[in-house]
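> Test case, fold it:
(chains A and B)
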Amino acid sequence: MTTEDVTDRVSNKKDSDENLEDIKINQPKDTEKVKIYSTIAFIVVVVGIGFPVWWKTTEVYRVSLPNSQIMSLDHTTISIKSTVFVWGENSEVSVKDLQKKTFPYFWSLNFISIPSSVNAGSVTELVELIEKRGLLKSGDFLVIKWPQKFDNNVEFSDKRYAVVKTTASSDAIFDILNSHVLKSKQMESALENSHSITSRDTSISTKYEIVLTVLIQSPQTHKINFDPRKVAKEYITPFLSKFSTLTNATVKSQWKYQSRIDFTTKKIPDESKIKRHYSVEEHILPNIITSIESKIGSGISNHPVVNLVIYVPPCTQSPLYIYQNGAKAENSFVASSFGGILIYNPEEEQCIQQLETNEPIDVDVSLELVSKAFLRQLVELMNLREYFLVPGTNTLNLNKVEDESWQFDCLLRRNTLVYLSTTIQTLQSLVRLLDGISYIVINDDVGQSIIEANANVRKSERLLKNGHLKEAFEYAKKAYLASEHAFFDYTLLAQLYFPDEQKYAIYIPLFLPVLVPVLSSIKTLKKHFFK
Amino acid sequence: MFSRLKFCFLILVISVNLSEQSEQYHEELFIKPLPNGFVNTFFQFTTRWNMASREDLLHTKLTPRPIAEVLYNYDVKELNIALTQGLWRYELWGYPVVDSAPGAEAWAWFNGDNLTESHVSRQWKDLTSTFSGILCASLNNIDEANTVQPKYSFRPRFVAPKNTKSFIKYSTLPRENVCTENLTPWKKLLPCSSEQGFASLLNSGYVHNTNYHSVKVAIRTFQEAKTGELTMELVLSANLVFDPILISSSKDYSIRKIFGQGLNGVCPMSSSSKIYVDITEDKFELVPDSDDVKESTRGASTTKFAIYDMKVISPNDLFNIAFVKKDKQNLVPIIPPPILTAHRYILAKGQEEGKIMTEVTNNHWADLNVVLQENIPWFVPSYMHTLTVKNGNEVLKIKEFHYIPGNDRERPYHLEIAFTVPAKSTVKVYFDFDYIFLKWTEYPPDANHGHYIGSAVVTALLPVAKNYTTIPVEGYLFEHSFNASRPSYFIQIHTESLLLSLPTPDFSMPYNVICLTCTVIALAFGPIHSVTTKILTVDTDGDENKGFIKKVIGKIRDKIKGKKSAPKESVEEKPKSE
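All right, here's what the predicted structure looks like:
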């Protein structure tokens, strides 16, 4: 029932009273004024005080964020400065030619020819001489045209230079720079496809764990002579320590006994002494991973884990081979979010003996073989393959990487780009989310992280533009960590379980009886002032 | 006596062979027919690992990886977590090998370089959260508001290299329900899966049919100061009490009957695998019988054990031991009570004048010194000026007193008192508390069920080892308790946990408040608003006697008739501007 109805009734009732005419006539003008004032007072109190108080007290806490700044971030405007020095015969011409070439949009390359007055007896001496002048900083590169005969067109060094023939054309140098040294394709994909990289991706996470697992199904009959500690200490840790600027890894190992792995194998008769082997088809491999994953257990840290598993099948099921398109393939495989698995079959003759006598056998696992397989898998899992390929070949050179090498610059550049584009995307989607869902809380800590991430992205971009690669990487990493912290902070969800609909259920019965008479009295005011 | 109680563990000499880098795993099962016809089975899985340095913790073999990582990441030197369902009846069952409080109980010792109180608090929080994941229990609910730091009751069982200060944290979650979801992850900590070895007997369907069951994870470390060599000891134990009559409807029982299946071999990784059966009472005939019978004399009481070495027996099929009762007569057993027992209950008049009463009974012929620890949650405001320790009408002297008053939502009330229980008597310890209202979000689901108060811990050094099966502190295998006579025997018993029903509000209250407020506002605001802002006018239209429906119909008719009625309506509008 609205108040109009109420007054309607009241007036109707009073109508019957004969004295009512008098009341109406006797009503002084003041009374009406008072009524108008009180109407205004009601509106002022409700709209002017009540509404703001209600709004302020029920507001969702949110630190003010540089939204427009964040939305204006754009990964396509990133530009990377790098200086390429050319030394040798006709270096000025080469530089002029190279300057005319078009490199992908994100490069801002600076070509400088080093005068032939700088000279030395050998390439190494020459490089030393150039380095002494303070050139060849992180991210720079030197092309030397050296009058010497190679089999290859180009010889890459372990440092920041490559030697080409004196006759090498500018096109050839352009090709070497673009596809090998600068790796424009990989950089572009790092910049563009970053949305496919998740925070669990080991290639970009700043801290992770490598767990070596030895899986044995029947420890009573197969005694495994293998020390995963040695693999960790002598092979994997030294390899990873080269990347300590990029990521921090802890290497752990564990043994798991009586782990029956469930997957279907096929018995295939063959010519060997044991007269058979078992095959596992490639499409079954995901089943193996599921089965192994439940066996290897978990640690207690929150960092992403790379599992490297060595599985020794029992003699009743060995030798076991992975089949790919009907042919034997390599006995190890890699699953990107899980890790690598290696199947290590016991010696054939030992197995024949074991099957006959049922006596326990010693399985000697070759440390070197396993370590190399694991290192290869690690390179694959960390997305490092392109950086260790000897250009033009299919072999990996894992010894080459040093802090002051062009490959390392490449890795730094790639990770910087991935961090930057991921951060930009994270921040922008967070801002969009905040615009869309009004009841997400942004507390001081999260707000600070967002502001920090935004500032660091800008700093990193500026440093990259000015050719300070290492510093740019540091800031990009900081920005990335800050943005991840902000995006995954649990306080964002604090009020998500109390949606707007429930608020209406409380506010409507509370406000409707107040607002309807107040708002309808506005009509009366209008009539009074604009009659 | 008290100083001995305090320091008896500090001067313990632990004979550990640290020279050899090795990892050993032992599985043991102790079966004890209890005096009242029940049977107690105690499983103990021990892993001992000597390592050259702390870094070796990262490379595990028989030790589960999460446990090693806990020791690597935190400064914890000793950790005990027990999950228990049911109450151990000391009067009927004697003392268990390992005692624990109903629900979840956890305590840990921290020791490390530059460790401060705040570090320890943070690590304790992280540690319990980690184990909450490892054991699928709600240990993450352990925080500062239910953690105490015992001063007298708990003694370290670890050896740290430096003479630095150690910190202890103790907490209980008496409400915790222990079930299959805890047993399965607990079994996963064993090196052998549950297919083989003693773990194959722990089938959740049977374990949870018991009168009492308790699983425990106990870790301690010994570190040598000079070499940095470290020994880690992980003991996973399961203590179960079965009622054979419920299971097999006779007083005879067997391994197969109580566990659902026979013993499936031994764990190939184990160094030893033994079953011990207590045959002191000689009430049962064992089938198969064991040739290996050992007598253990400990503190003037002799116990006989039949030992089955499963490594030697190595059966081809499922191994079973049947317990056939020798004397078929139904005799009511006379059970000699253990030396020290304790009980606890609440005294109150409705929800007023609350009193927590703890009774400690000494059945021995000599006086007994005990330490009583009370861990009262913050929502039970207790008044320690009312604390009374009485033996009959005689007020006893409190010899040591340690009390940390509670603080709402921050700290529990922690009381530790030491006193002497005279021979053959029961001492009553009681104090007053208040029933209070909590904030409405602090009530648990099913608030009328009540709030739990964790059990009190009574610690004492027993002069005799009657009913006592605990493994001595320097030992780690069950057989280390054989002939382990000592001047005194450390015992820690737990009382019942209490259920306190606090005044509980009506939880539909917020809804009622909203409804009431809205109604009041609607009823009050509307009339006040119209009285103050509207003017009464006379309606010249004569349809005052018409009902509401007729009026509405009339109005609609007017509308349909069109403009003609418009001026009339404007006349009706109120208030008039003039």
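> Correct me if wrong, but residue A:439 is in a helix.
No. According to DSSP: H, G, I helix; E, B strand; the rest coil, residue A:439 belongs to no helix; its state is coil.
> Now it: closest residue in space, sequence neighbours ignored.
residue A:495 (4.7 Å; CB to CB, 6 or more residues apart in numbering or on different chains). C-beta here means a position set from N, CA and C on the backbone, and glycine is covered the same way.
> burial count for that neighbour?
Using other CB atoms under 10 Å in any protein chain shown, residue A:495 has 15 neighbouring residues.
> doesn't residue A:440 make contact with it?
Yes. Residue A:495 is within contact range of residue A:440, at 7.4 Å (criterion: CB atoms under 8 Å).
> which neighbours do the two share?
Shared contacts of residue A:495 and residue A:440, defined by CB atoms under 8 Å, 6 or more residues apart in numbering or on different chains, comprise residue A:60.
> For chain B, see how far away the residue nearest to residue A:439 is.
15 Å (CB to the nearest CB, to the nearest Å).
> what does the model give that residue for pLDDT?
Reading off the confidence values, residue A:495 has pLDDT 73.
> cool, residue A:473 as well?
Residue A:473 is given a pLDDT of 93.
> what's the helix or strand for it?
Element membership of residue A:473, judged by DSSP states H and E, is helix A:469-487.
> does the following helix or strand past that helix come close to chain B?
Going down the chain from helix A:469-487, the next helix or strand is helix A:500-529, by DSSP H and E. Yes. Shown here: helix A:500-529 in contact with chain B (CB under 8 Å from any CB of the partner chain) through A:506, A:509-510, A:512-514, A:517-518, A:521, A:524, A:527-528.
> Please produce JSON lines containing the residues you listed, extended by pLDDT.
Below are the residues of helix A:500-529 next to chain B laid out as JSON lines (pLDDT from 0 to 100):
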{"residue": "A:506", "pLDDT": "78"}
{"residue": "A:509", "pLDDT": "80"}
{"residue": "A:510", "pLDDT": "79"}
{"residue": "A:512", "pLDDT": "84"}
{"residue": "A:513", "pLDDT": "83"}
{"residue": "A:514", "pLDDT": "85"}
{"residue": "A:517", "pLDDT": "86"}
{"residue": "A:518", "pLDDT": "86"}
{"residue": "A:521", "pLDDT": "86"}
{"residue": "A:524", "pLDDT": "81"}
{"residue": "A:527", "pLDDT": "82"}
{"residue": "A:528", "pLDDT": "81"}
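> Check those residues for burial and list the buried ones.
The neighbour-count test (16 or more other CB atoms under 10 Å in any protein chain shown) marks A:509, A:513-514, A:517-518, A:521, A:524, A:528 as buried among these.
> still on that earlier bit, for the residue nearest to residue A:439, what are its contacts?
If you count contacts by CB under 8 Å, 6+ apart, then residue A:495 has A:60, A:439-441 around it.
> Relative to residue A:59, how far out is it?
Distance, residue A:495 to residue A:59, by CB to CB, to the nearest Å: 11 Å.
> how near is residue A:185 to residue A:77?
Residue A:185 is 20 Å from residue A:77, by CB to CB.
> my bad, residue B:73
In terms of CB to CB, residue B:73 sits 43 Å off from residue A:77.
> go on, residue B:429?
From residue B:429 to residue A:77 the distance is 75 Å (CB to CB).
> what about these two, which has more around it?
Shown here are residue B:429 and residue A:77; by other CB under 10 Å, residue B:429 has more neighbours (25 against 11).
> Quick check: phi and psi at the residue nearest to the more buried one when sequence neighbours are not counted.
Sequence neighbours aside, residue B:358 is the residue nearest to residue B:429 in space, at 4.6 Å (criterion: CB to CB, 6+ apart). Phi and psi for residue B:358, reported as degrees, to the nearest 10, are phi -120, psi 130.
> Buried ones among the contacts of residue A:495?
A:440-441.
> how about CSV for the contacts of residue A:495, with distance to residue A:228 added?
As requested, the contacts of residue A:495 are exported to CSV (distance: CB to CB, whole Å):
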residue, distance to residue A:228
A:60, 51
A:439, 50
A:440, 46
A:441, 46
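> Tabulate the contacts of residue A:495 (a markdown table), appending pLDDT.
Shown next, in a markdown table, are the contacts of residue A:495 (pLDDT from 0 to 100):
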| residue | pLDDT |
| --- | --- |
| A:60 | 83 |
| A:439 | 81 |
| A:440 | 87 |
| A:441 | 88 |
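> tell me the pLDDT at the residue sitting nearest the centre point of chain B?
Central residue of chain B (CA atoms, centre = their mean): residue B:104, 2.3 Å from the mean position. pLDDT for residue B:104: 96.
> what's the longest helix in chain B?
helix B:509-533 (DSSP state H).
> By proximity to chain B, which residue of the stretch 151-300 of chain A wins?
residue A:220 (3.8 Å; CB to the nearest CB).
> Skipping adjacent residues, who's closest to that residue in space?
residue B:268 (3.8 Å).
> One more: residue B:180?
For residue B:180, the spatially nearest residue (CB to CB, 6+ apart) is residue B:204, at 4.1 Å.
> got it, and residue A:73?
In space, residue A:73 is closest to residue A:424, 4.6 Å off (CB to CB, 6+ apart).
> residue contacts, residue A:444?
residue A:63.
> Pull up the per-residue confidence for it.
93.
> what's the answer for the one 10 residues further on, then?
On the pLDDT scale, residue A:454 is placed at 95.
> contacting residues for residue B:218?
Residue B:218 neighbours (CB under 8 Å, 6+ apart): B:79-81, B:98, B:233-237.
> Do you know the pLDDT at it?
96.
> what's the answer for residue A:99, then?
For residue A:99, the model assigns a pLDDT of 85.
> Then residue A:180?
81.
> Am I right that it falls within a helix?
Yes. Remark: residue A:180 belongs to a helix, assigned using three-state DSSP.
> Assess the claim that it and residue A:152 are in contact.
No. Look at residue A:180 against residue A:152 with CB under 8 Å: they stay out of range, at 11.8 Å.
> Pick out whichever of these two has more residues nearby.
Set residue A:180 next to residue A:152 and count neighbours by other CB under 10 Å: residue A:180 wins out with 19 against 12.
> my guess is residue A:256 contacts residue A:212, does it?
No. Counting by CB under 8 Å, residue A:256 stays clear of residue A:212, with 11.0 Å between them.
> isn't the residue nearest to residue A:73 right up against residue A:457?
Yes. Look at residue A:424 against residue A:457 with CB under 8 Å: they come within range, at 6.3 Å.
> Show me the common contact partners of those two, please.
residue A:73.
> between these two, which one's more packed in?
The neighbour count for residue A:424 versus residue A:457, taken as other CB under 10 Å, is higher for residue A:457 (28 against 23).
> Which pLDDT value belongs to the more buried one?
Note for residue A:457: predicted pLDDT of 94.
> for residue B:355, same thing?
For residue B:355, pLDDT reads 94.
> Skip the chain neighbours and tell me the closest residue to it.
Residue B:355 sits nearest to residue B:347 (CB to CB, 6+ apart), 4.0 Å away.
> Over to residue A:231?
residue A:371 is the one closest to residue A:231 (CB to CB, 6+ apart), at 4.9 Å.
> residue contacts, that neighbour?
A:231, A:234-236 are the contacts of residue A:371 under CB under 8 Å, 6+ apart.
> would CSV of those residues with distance to residue A:472 and secondary structure be doable?
CSV is the format used below for the contacts of residue A:371 (distance: CB to CB, whole Å; DSSP: H, G, I helix; E, B strand; the rest coil):
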residue, distance to residue A:472, secondary structure
A:231, 35, helix
A:234, 34, helix
A:235, 32, helix
A:236, 29, helix
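> just these now: which is nearest residue B:189?
Within these, the smallest distance to residue B:189 is 24.9 Å, found for residue A:231 (CB to CB).
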